[in-house]
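J.: Starting from these lines, generate the structure:
(chains A and B)
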Amino acid sequence: MSKGILGRKVGMTQIYDETGQVVPVTVLEAGPCHVTQLRTEERDGYSAVQLGYLDKPKRLVSRSEAGHVAKNLKTNRKRKRSAAGIELPPKPDCNPKRFVRELKGSTDGYELGQEVTVGVLSDIARVDIVGTSKGRGFAGVMKRHNFSGQRASHGVKKCHRHAGGTGMSAYPSRLFKGKRMAGQYGNAKTTSRNIKVVKVDEENGLLLVNGAVPGPNGGYVVIKETNTL
Amino acid sequence: MSHKIMELVEKSSLKEEAPEFEVGDTVDVHTKILEGEKERIQVFNGTVIARSGAGTREMFTVRRIVAGEGVERKFPLHSPRIEKVEVKRRSVVRRAKLYFLRDRIGKATRLKERRLPRN
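T.: Sure, this is the predicted structure:
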């Protein structure tokens, strides 16, 4: 598995480096996570490590979520399958998790139920961070695609933030697919690549990275070692 | 919760003893500057006309008149490059931002001195 961990964005601030320069940082609460499942080539067709972050309160846990992690949950299916002599998949025996994601790659060195802390990133210089960007609703073209809009005066009537023309004439008599227009903007999976790690605070389970990270404060993020060169 | 985490992170960048001064004080700001390889200390003297921000982002503005031209410099309070801030004179002020000094010249920029009670 490429080294990685799940976490939550806390917020942004600035700190001073050793030369006295200000560094803008995003504070991320990274881990502790539990390994909730190991995907293997023979069983699943690919190998990956499934991590879970933050315990989910019992009142919110569905039975399938509970059964995913619990060792001693009695179910009819389990009873029938073990009676038929089918080997049941191993369980991590931890609490059900709020945020569960898989990190692709070999499962070497990972065990089911193992705790993963921010220490795994201690010797990593740059990371990719996957989050859900802030939702902006149905946004116009100026906000969504950085269009210039139209002029403020010189005869422009009630069209100041509109796009201009969207197509040609009798030929082709249609719009081309992918024409940039107004629509839902944000609230989508967003990856920021090659972000510099400023500090790994193992004691408090914090990770400081340079610059911004997609999503609101409190938003869940996946942090993994970058694969950019 | 998140507030506590931010405080924890910022603590490492805060000065243990932040320089003490108030708006209206006349101060000498000692800043370290790099000249090629050598580091030396430069002093900027003037009146503190504003403090803004909080935590590691706290800044203060110092204004002085250089060759008849008003010069303002804004310093980060907790920067390690700020060696020290010496208070030369305290004065009586009734507002947090002394931007009105920008419109004044000469004698009108004087502030009434505030003497601390002897104890």
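J.: in the sheet, who's paired with the residue minimising distance to the centre of chain B?
T.: A centroid search over chain B (Cα atoms, centre = their mean) returns B:Phe60, at 4.4 Å, as the residue closest to the centre. With DSSP bridges as the criterion, B:Phe60 is bridged to B:Arg51, B:Phe75.
J.: Now do it against B:Glu69, distance only.
T.: 21 Å (Cβ to Cβ, to the nearest Å). Glycine gets a C-beta too; all of them are placed from N, C-alpha and C.
J.: what's the answer for A:Lys157, then?
T.: When A:Lys157 is compared with B:Glu69 (using Cβ to Cβ), they lie 48 Å apart.
J.: Dihedrals phi and psi, residue 39?
T.: I went with chain A, as the question did not name one. Main-chain dihedrals, A:Arg39, degrees, to the nearest 10: phi -90, psi 130.
J.: Let me rephrase: I mean chain B.
T.: Geometry field for B:Glu39 lists phi and psi as phi -110, psi 130, criterion degrees, to the nearest 10.
J.: who touches it in this structure?
T.: Applying Cβ atoms under 8 Å, 6 or more residues apart in numbering or on different chains, one finds that B:Glu39 lies in contact with B:32-33.
J.: Kindly recompute the last result at 7 Å.
T.: Contact criterion Cβ atoms under 7 Å, 6 or more residues apart in numbering or on different chains gives B:Lys32 as the residues in contact with B:Glu39.
J.: where's it relative to A:Ser153, distance?
T.: 55 Å.
J.: again with B:Lys38
T.: Between B:Lys38 and A:Ser153 the distance is 57 Å, computed by Cβ to Cβ.
J.: Ok, A:Glu102 next?
T.: Between A:Glu102 and A:Ser153 the distance, using Cβ to Cβ, works out to 55 Å.
J.: When these two are compared, which one has more neighbours?
T.: A:Glu102 (19 against 6; other Cβ atoms under 10 Å in any protein chain shown).
J.: Name the nearest residue to that one, ignoring sequence neighbours.
T.: Nearest residue to A:Glu102 in three dimensions, chain neighbours excluded: A:Ala48, at 4.3 Å (Cβ to Cβ, 6 or more residues apart in numbering or on different chains).
J.: near chain A, which residues of chain B?
T.: Residues of chain B lying near chain A by Cβ under 7 Å from any Cβ of the partner chain: B:2, B:5-6, B:8-10, B:12-13, B:55-57, B:76, B:79-81.
J.: can we see that at 8 Å?
T.: B:2, B:5-6, B:8-10, B:12-13, B:32, B:55-57, B:76, B:78-81 (Cβ under 8 Å from any Cβ of the partner chain).
J.: In chain A, where is pLDDT below threshold?
T.: Low-confidence segments of chain A, defined by pLDDT under 70, span residues A:1, A:229.
J.: in it, which spans are helices?
T.: Taking DSSP state H to define them, one finds helices in chain A at A:41-44, A:63-69, A:76-83, A:141-145.
J.: Tabulate those helices (CSV), appending mean neighbour count and distance to B:Phe100.
T.: Supplementary listing: those in CSV, determined by neighbours: other Cβ atoms under 10 Å in any protein chain shown; distance: least, Cβ to Cβ, whole Å:
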stretch, mean neighbour count, distance to B:Phe100
helix A:41-44, 10, 71
helix A:63-69, 16, 63
helix A:76-83, 10, 78
helix A:141-145, 16, 39
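J.: With respect to chain B, which of those helices lies nearest?
T.: Each of those was checked against chain B via Cβ to the nearest Cβ, and the shortest separation belongs to helix A:63-69, namely 24.1 Å.
J.: From B:Lys88, how far off is A:Cys197?
T.: Just so we're on the same page, residue A:197 is Val rather than Cys. The span separating A:Val197 from B:Lys88 equals 43 Å under the rule Cβ to Cβ.
J.: between these two, which one's more packed in?
T.: Ranked by neighbour count (other Cβ under 10 Å), A:Val197 and B:Lys88 place A:Val197 first, with 20 against 12.
J.: Report the separation between that one and A:Asp123.
T.: When A:Val197 is compared with A:Asp123 (using Cβ to Cβ), they lie 10 Å apart.
J.: Kindly report the same for B:Arg94.
T.: 56 Å.
J.: Just give the number of residues close to residue 28.
T.: Picking chain A for this. Other residues within reach of A:Leu28, judged by other Cβ under 10 Å, total 25.
J.: nope, chain B please
T.: Here the number of neighbours of B:Asp28 (other Cβ under 10 Å) works out to 14.
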